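Peer 1: starting from these lines, generate the structure:
(one chain, ligands or ions: 1)
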Amino acid sequence: MAAHLAKHRRYVEKVNELVHPDLEPGTTMVSVYLAALEEGDYQLFDAASQAFYHALYWRCLDPDREGNDPSMRSTAQDMVERGMQHFGSGWLCLVDQPRVKTYVQETVMNAERPTAETFGAGTVAFTTDLWEHAWYFDYPDGKREYLEGLLLGGYARWDVLDEPPETGGVWTP
Ligand SMILES: [Fe+2]
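Peer 2: Numbers count the residues shown, from 1 in each chain. The predicted structure follows:
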């Protein structure tokens, strides 16, 4: 956990190091990575996107939760399989598609944006870290064990879907 938090911290520090000094105070991390993407600044995009994903990831976890939401079981099972099929580093996402009132499951490589977000005008509403550092220390042989424990074992905080979308925090000078 400490190693994982240190990674998140390094992404935030990298954003602070790279971000344009004229950036408006209060700018969200989402705005930072979208602007970086548009400008082709992939170093800043990677750091800001990783900072956003990690901020949302922590919000999606609840270590004290007892039991799981039965209405999310089928979704969670599908997510486990989707996460297992993903090779390499990345993120497992539920992307809100408000126009059609549903969530699209998608995995992305590294810290990329889901195509469902890019083309569907939605937002990443729930995410699970698929980078090896998220599971290897506790489950050296067990990415499945990690995904099942998190998504089916009661650690997922599905309430996050009913909350305002994560913006990754704000940048303040
Ligand atoms: Fe991570």
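Peer 1: which non-adjacent residue is nearest residue 4?
Peer 2: With sequence-adjacent residues excluded and distances taken as CB to CB, 6 or more residues apart in numbering, residue 4 is closest to residue 133, at 6.1 Å. All C-beta spots, glycine's among them, are computed from the backbone N, C-alpha and C.
Peer 1: next one: the one you found from residue 143, what distance?
Peer 2: Distance from residue 133 to residue 143, counting by CB to CB, to the nearest Å: 12 Å.
Peer 1: roughly how far does the most centrally placed residue in the chain sit from the ion?
Peer 2: In the chain, the centroid-proximal residue (CA atoms, centre = their mean) is residue 53; its distance is 3.2 Å. With distances taken as CB to the ion, to the nearest Å, residue 53 is found 7 Å from the ion.
Peer 1: what's the burial count for residue 84?
Peer 2: A count of neighbours around residue 84, defined by other CB atoms under 10 Å, yields 15.
Peer 1: Three-state assignment for the residue nearest to the centre of the chain, please.
Peer 2: helix (DSSP: H, G, I helix; E, B strand; the rest coil).
Peer 1: CA-only coordinates of the host helix or strand of residue 94 in PDB, if you can.
Peer 2: Residue 94 is part of strand 90-97, with elements assigned from DSSP states H and E. Taking Å, rounded to 0.1, in the frame of the first residue of the first chain, the C-alpha atoms of strand 90-97 are listed here in PDB:
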ATOM      1  CA  GLY A  90      -3.400  -0.500 -17.700                       C
ATOM      2  CA  TRP A  91      -6.800   0.300 -16.100                       C
ATOM      3  CA  LEU A  92     -10.100  -1.400 -16.000                       C
ATOM      4  CA  CYS A  93     -12.900   1.100 -16.400                       C
ATOM      5  CA  LEU A  94     -16.600   1.600 -16.200                       C
ATOM      6  CA  VAL A  95     -17.300   4.500 -18.400                       C
ATOM      7  CA  ASP A  96     -20.600   6.400 -17.700                       C
ATOM      8  CA  GLN A  97     -22.600   6.900 -20.800                       C
END
